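Peer 1: Need the 3D shape of this:
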Amino acid sequence: MSKQCDLNFQQRSLFQQGYQRFSSTELKQLEWGLRFTPAACSLLTAWALYAQQPMVLLVVAALGMWAFFFPSAHPMDLLYNHLVRHLFGAVKLPANPFQRRLACFAAGIMNVMAASLFLLELPLAALITGGMLLVLQAIVIFTHFCTLSWMYEGLMRLLGKWHKPLAEESVREMVSQGANLVDVRSPNEFAAGSIRGAVNMPLENLHELSDSFCKKTPTLLFCNSGTRSHIACQKLSDNGLENIFNIGSFDRAKTLATAS
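Peer 2: Okay, here's the model as predicted:
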């Protein structure tokens, strides 16, 4: 089966940043717009480092820290939404999820550190600190991969907050007992081929379809790679639904379901 409709690296990185309620099509529409704020802040930081202007670094730091507490009010996001995006007919940026806000706050801390080092007359240390921040921001701008979001996900895994796919034995047992199989991929992916007996409930539409789940019957979710099914499982569990399980990728689900 072709996986051309699966999330690409940049879209998976956006999922990692917290944009988990958006479909792959919506993420594609947001990809360029989400580069604007880190790019604008990076340009201000780069100029402040070059000119050795600690006050400018403190202003940029304040922008990031402000965004942490007010998800929809980052000044650069507001500039993009109310002015820049209209020049290109782009979609409006949504509120910043927690992981992205956390990264903004961390960037603010690094700007404060660089500014403090300039004020302490340690320009080399200030330039190294600011340079490290610019490298991390450049990675975000060009790839959407956020180191802090990656670390956050790793921490959640260590704390058991990131659920692993259901064990093989449990999947086979539930399927043999008539568990619901739910494909959370897009309709196009589902039409290209799925598992016999599975129903299609795309990730972005789960909020509309959650009432159709039978709480007494186990429901097994899968997608191409296991990422979207994990997100879907978490969403449904957060909405109070029980007996919802992630079985991972399409290939894994196909092997386990047809072998039962």
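Peer 1: my read: Asp183 touches Gly197, true?
Peer 2: No. Using C-beta atoms under 8 Å, Asp183 is not in contact with Gly197; the gap is 10.4 Å. Glycine gets a C-beta too; all of them are placed from N, C-alpha and C.
Peer 1: Pick out whichever of these two has more residues nearby.
Peer 2: Neighbour totals were compared for Asp183 and Gly197, and Asp183 leads with 24 against 11 (other C-beta atoms under 10 Å).
Peer 1: Setting the sequence-adjacent residues aside, check what's closest to Phe98.
Peer 2: Leaving out its chain neighbours, the residue that sits closest to Phe98 by C-beta to C-beta, 6 or more residues apart in numbering is Gly18, at 5.6 Å.
Peer 1: Just the element for the one you found, please.
Peer 2: Using DSSP states H and E, Gly18 sits within no helix or strand.
Peer 1: Quick check: phi and psi on it?
Peer 2: phi 110, psi 0 (degrees, to the nearest 10).
Peer 1: if I pick it, what's in contact with it?
Peer 2: Asn96, Pro97, Phe98, Gln99, Arg100, Ser149 (C-beta atoms under 8 Å, 6 or more residues apart in numbering).
Peer 1: Hmm, Gln17 and the second one touching each other?
Peer 2: Yes. Under the contact definition of C-beta under 8 Å, Pro97 touches Gln17, with a separation of 6.6 Å.
Peer 1: out of these two, which sits in the busier spot?
Peer 2: With neighbours defined as other C-beta under 10 Å, Pro97 and Gln17 compare such that Gln17 has more, 26 against 17.
Peer 1: who touches that one in this structure?
Peer 2: Counting by C-beta under 8 Å, 6+ apart, Gln17 has contacts Pro97, Gln99, Arg100, Ala103, His144, Cys146, Ser149.
Peer 1: quick one on the thing from earlier: and for Pro97 and Gln17, which residues touch both?
Peer 2: In contact with both Pro97 and Gln17: no residue, using C-beta under 8 Å, 6+ apart.
Peer 1: ok, then the element right after the helix or strand of the chain with the lowest mean pLDDT?
Peer 2: Ranked by mean pLDDT, DSSP states H and E, the weakest helix or strand in the chain is helix 206-209, scoring a mean of 68. As assigned by DSSP H and E, the chain's next helix or strand after helix 206-209 is strand 219-223.
Peer 1: care to break the chain down by domain?
Peer 2: In the assignment given by automatic domain parsing, the structural domains of the chain cover 9-158, 168-258.
Peer 1: where among those domains is the average confidence lowest?
Peer 2: Across the domains of the chain, domain 168-258 has the smallest mean pLDDT, namely a mean of 82.
Peer 1: Show me what the stretch of helix or strand Met151 belongs to is packed up against.
Peer 2: Using DSSP H and E, Met151 maps to helix 147-158. In terms of contacts (3 or more C-beta pairs under 8 Å, 6 or more residues apart in numbering; DSSP states H and E), helix 147-158 is packed against helix 9-16, helix 98-119.
Peer 1: For the residue nearest to Leu166 when sequence neighbours are not counted, pull up the helix or strand it's in.
Peer 2: Spatial nearest neighbour of Leu166, chain neighbours left out: Phe245 (4.6 Å); criterion: C-beta to C-beta, 6+ apart. Phe245 is part of strand 244-249 when elements are defined by DSSP H and E.
Peer 1: Could you check the angle that strand makes with strand 219-223?
Peer 2: Counting by axes from the mean of the first three to the mean of the last three C-alpha atoms, to 10 degrees, strand 244-249 lies at 30 degrees to strand 219-223.
Peer 1: What strands line up against strand 244-249, and which way round?
Peer 2: Strand 244-249 has the following strand partners under DSSP bridges: strand 219-223 (parallel).
Peer 1: Downstream of the partner strand, the next helix or strand is which one?
Peer 2: Scanning onward from strand 219-223 (DSSP H and E), the first element met is helix 227-238.
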